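Colleague: With the input below, show me the fold.
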Amino acid sequence: MSDAQPAASAATPPSPEPRTGWADTLRIYLAPNSLRMLALGFSAGLPLLLVLGTLSFRLREAGIDRSTIGYLSWVGLAYGFKWVWAPLVDRVPLPGLTRWLGRRRSWLLLAQLGVAAGLVGMALADPRVSLAGVVWCALVVAFASATQDIALDAYRIESAPTDLQPALAASYQTGYRLAMIWAGAGVLWVAARAQGATTGYDNAAWAAAYLVMAASMALGVLTVLISPEPPPVPQKPARTAGEWVQSALIEPFADFFRRYKWQAALILALIAVYRISDVVMGIMANPFYVDMGYTKDEVAAVTKIYGVVMTLVGAFVGGSLALRFGVMRILMLGALLSALTNLLFAWLAGYGHSVPALIAVVSADNLASGIASAAFVGYLSSLTNISYSATQYALFSSLMLMLPKFVAGFSGDYVNAFGYAGFFTSTALLGLPVLVLVALAARSSRSNRPAALDG
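Modeller: Below is the predicted model of the structure:
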């Protein structure tokens, strides 16, 4: 299939003129595709905090120092390198499974079972006795979760045309954020219930909580089993190993640079830094709660109630506004709000222990993250060629995490040196270059847009 033929048209943006009314938007969110992405988004979002944010709460409570917790966040770099094995997920069938479920669903099921197995291992390990055991199991979860992301992003992109991608992205993000709340607030709530009236670190309580999280992956497994496989994208069979390498490994990246030319560097720079404020800040959020004296029950209650509500509002608002006003405008709004809400954490560090203040900060943070994530996923989806959807989207989403995760590894050292207020303020300042890059990308897409979304 030639580069200028129908494959490239899958990345063609919708009209910049808003055409979708609010009633039509609601119907889109209630369509089977959107509801399916809600459930699969939950499956995708569940593992992330369990190997990063929630794990940092567990480790801090177990007495692990902040610098070590910061470095252990590099487990998340598995997400940053998923482009390496994305071509295998994109092209290689799984014996037995692919014939039964299809290419996308077979990889989804295998990855989900891997996540569940890794979470069971994390449940049975005690970081005070064998920190290495927890880390190795966390790596299994991260690798399987990244593989799930590759297959799921391709499944989403191939399941609907480009003009519906913002709505699917919003549904996906809603499920994703709900899972993150369950993996954040929910796991703390379960651990607190299992621990009872005793204080301090209780590994048995954490084991029970992680086993519940492993069981929660059943929602994704069931959804995969009852969902239809998207129509297969025709692919020219490779006659030699060299042709396979060319089509599976080289062509997906070459296609992107051919379509965007000089704009590719700008797009990749924007992708690399768009979420840097949130990702870097997030590693130290749970240690911050512990050090500020918040209990598991307090953090769980605040994020469970207010986090859920504001996440739903943020994802719906972000996806709906992107449909009506264009992704680039909402991308700018999300970047601005993400940076500003980090300043609220700096304020909370000076304000002291206060549940009402925590409610306000967590609510604002979840609203901003919901808006930014829905717009960003829609933007990334618009950049892909459907012929290479898994590999190209894996490249974009990997690039999105590599720099932020690397920088986040030093977050514990920064907090030790400058305190929480200085740390949160610095993460907000990291968002300033993002605003410049969004503005440049929006101007570029208006003047010369082969596949970018107009703002």
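Colleague: switch to C-alpha atoms for all contacts and neighbour counts from now on
Modeller: OK.
Colleague: Now do the contacts for Val362.
Modeller: Val302, Thr303, Tyr306, Gly307 (CA atoms under 8 Å, 6 or more residues apart in numbering).
Colleague: Check what pLDDT it gets.
Modeller: Looking at Val362, its pLDDT is 90.
Colleague: For Ala95, which three-state class applies?
Modeller: In this structure residue 95 is Pro, not Ala. Secondary structure state of Pro95, per DSSP: H, G, I helix; E, B strand; the rest coil, is coil.
Colleague: Please disregard the earlier target; I meant Thr198.
Modeller: Secondary structure for Thr198, judged by three-state DSSP, is coil.
Colleague: Next: Leu367.
Modeller: Under three-state DSSP, the three-state class of Leu367 is helix.
Colleague: can you count the residues close to the closest residue to it other than its chain neighbours?
Modeller: The spatially closest residue to Leu367, leaving aside those adjacent along the chain, is Gly314, at 4.5 Å (CA to CA, 6 or more residues apart in numbering). Residues lying near Gly314 (other CA atoms under 10 Å) number 29.
Colleague: For the helix or strand that Gly314 is a member of, name the packing helices and strands.
Modeller: According to DSSP states H and E, Gly314 maps onto helix 308-325. If contacts are counted by 3 or more CA pairs under 8 Å, 6 or more residues apart in numbering; DSSP states H and E, helix 308-325 sits against helix 165-181, helix 327-351, helix 355-383.
Colleague: right, and the ones you listed - which one's nearest Asp65?
Modeller: Asp65 sits nearest to helix 327-351 of all the helices and strands packed on helix 308-325, at 19.0 Å, using CA to CA.
Colleague: what helices or strands is that closest one leaning on?
Modeller: Applying 3+ CA pairs under 8 Å, 6+ apart, one finds that helix 327-351 contacts helix 276-291, helix 308-325, helix 355-383, helix 411-429, helix 432-447.
Colleague: Tell me what angle it forms with helix 308-325.
Modeller: Here helix 327-351 runs at an angle of 150 degrees relative to helix 308-325 (axes from the mean of the first three to the mean of the last three CA atoms, to 10 degrees).
Colleague: If you count neighbours, what's buried in helix 327-351?
Modeller: 327-349 (16 or more other CA atoms under 10 Å).
Colleague: circling back to that earlier point, closest to Pro231 out of the helices and strands packed on helix 308-325?
Modeller: When the helices and strands packed on helix 308-325 are compared (using CA to CA), the closest one is helix 165-181, at 16.4 Å.
Colleague: got the angle between the closest one and helix 327-351?
Modeller: 20 degrees.
Colleague: For helix 165-181, buried residues please.
Modeller: For helix 165-181, by 16+ other CA under 10 Å, it's 165-181.
Colleague: Then stretch 223-231?
Modeller: Using 16+ other CA under 10 Å as the test for burial, stretch 223-231 gives Thr223, Val224, Glu229, Pro230.
Colleague: who's in contact with the residue nearest to the last one when sequence neighbours are not counted?
Modeller: What sits nearest to Pro230 in space, not counting adjacent residues and going by CA to CA, 6+ apart, is Ser159, at 5.5 Å. Under the criterion of CA under 8 Å, 6+ apart, the contact list for Ser159 reads Asn33, Pro230, Pro231.
Colleague: For Ala300, see how far away the second one is.
Modeller: Translated: Pro230. 38 Å (CA to CA, to the nearest Å).
Colleague: can you check Met122 too?
Modeller: Applying CA to CA to Met122 and Ala300 gives a distance of 20 Å.
Colleague: Between the two, tell me which one has more neighbours.
Modeller: It is Met122, of Met122 and Ala300, that has more neighbours when counted by other CA under 10 Å, with 27 against 23.
Colleague: The more buried one sits in which helix or strand?
Modeller: Using DSSP H and E, Met122 falls in helix 103-124.
Colleague: That helix: what's the following helix or strand?
Modeller: Counting by DSSP H and E, what follows helix 103-124 is helix 131-159.
Colleague: In the stretch 251-400 of the chain, where is pLDDT below threshold?
Modeller: 304, 389-390 (pLDDT under 70).
Colleague: mind redoing it with 80?
Modeller: By pLDDT under 80, the weakly predicted segments of the stretch 251-400 of the chain are 303-309, 311-312, 315, 319, 323, 377-378, 381, 384-395, 397-400.
Colleague: likewise the stretch 1-150 of the chain?
Modeller: 1-33, 52-53, 80, 83, 91.
Colleague: Neighbours of Val135, how many?
Modeller: Val135 - counted by other CA under 10 Å - has 19 other residues nearby.
Colleague: Equivalent analysis for the one 3 residues further on, please.
Modeller: The number of residues packed near Ala138 is 26, by other CA under 10 Å.
Colleague: tell me the contacts of it?
Modeller: Ala138 makes contacts with Val51, Val75, Gly118, Leu119, Met122, as judged by CA under 8 Å, 6+ apart.
Colleague: hang on, Val434 packs against Tyr274?
Modeller: Yes: Val434 is within contact range of Tyr274, at 5.6 Å (criterion: CA atoms under 8 Å).
Colleague: Need the residues touching each of these two.
Modeller: Jointly contacting Val434 and Tyr274 under the rule CA under 8 Å, 6+ apart are Ala335.
Colleague: in the protein, which residue is closest to the centre?
Modeller: Centroid-nearest residue in the chain: Gly45, 6.6 Å away (criterion: CA atoms, centre = their mean).
Colleague: Just give the nearest non-adjacent residue to it, would you?
Modeller: Nearest to Gly45 is Tyr176, by CA to CA, 6+ apart, at 4.2 Å.
Colleague: separation between the one you found and Tyr274?
Modeller: The spacing between Tyr176 and Tyr274, counted by CA to CA, is 18 Å.
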